[in-house]
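Undergrad: Sequence first, then the predicted structure, then my questions.
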Amino acid sequence: MAEKWIQGAIKKPGALREKMGVKEGEKIPKGEISSKISQLQKEGEGEKKLNAPKRALLKQLVLARTLGEMNK
């Protein structure tokens, strides 16, 4: 059980996949994740702020990137 603690910590598995429009069973391309992160960070630069759904998406993208790097 201790080996798979991350799977239990993820509240809504598959939510990012649905938001990105990727079919179930396919991997989300790393380039697509990076470009979307950059886009959202540019939107929130300076005095501008991201709304709640975009902040949540940014958090999901950063987590996906981090978890993808853990397997290396």
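TA: Here it is on my side, so go on.
Undergrad: Quick one: the helices in this structure, in order.
TA: Here the chain has its helices, by DSSP state H, at 5-9, 15-20, 30-43, 52-70.
Undergrad: Deepest in the core, which of those is it.
TA: The highest average neighbour count among the helices of the chain, using mean count of other C-beta atoms under 10 Å, belongs to helix 15-20 at a mean of 15. (C-beta placed from N, C-alpha, C; glycine too.)
Undergrad: what's the distance between Pro13 and Glu47?
TA: Counting by C-beta to C-beta, to the nearest Å, the gap from Pro13 to Glu47 is 35 Å.
Undergrad: do Leu16 as well
TA: When C-beta to C-beta is applied, the distance between Leu16 and Glu47 equals 28 Å.
Undergrad: In the chain, where is pLDDT below threshold?
TA: Low-confidence segments of the chain, defined by pLDDT under 70, are located at 1-2, 72.
Undergrad: So which residue is smack in the middle of it?
TA: Nearest to the centroid of the C-alpha atoms of the chain, with distances taken as C-alpha atoms, centre = their mean, sits Leu61, at 1.8 Å.
Undergrad: That residue: what's it in contact with?
TA: Contacts of Leu61 were listed using C-beta atoms under 8 Å, 6 or more residues apart in numbering, and they are 16, 33, 36-37, 40.
Undergrad: for the spatially closest residue to it that is not a sequence neighbour, what are its contacts?
TA: Counting by C-beta to C-beta, 6 or more residues apart in numbering, Ile37 is the residue found nearest to Leu61 once chain neighbours are left out, at 5.0 Å. Taking C-beta under 8 Å, 6+ apart as the criterion, Ile37 is in contact with 58, 61-62, 65.
Undergrad: Nothing else from me, thank you.
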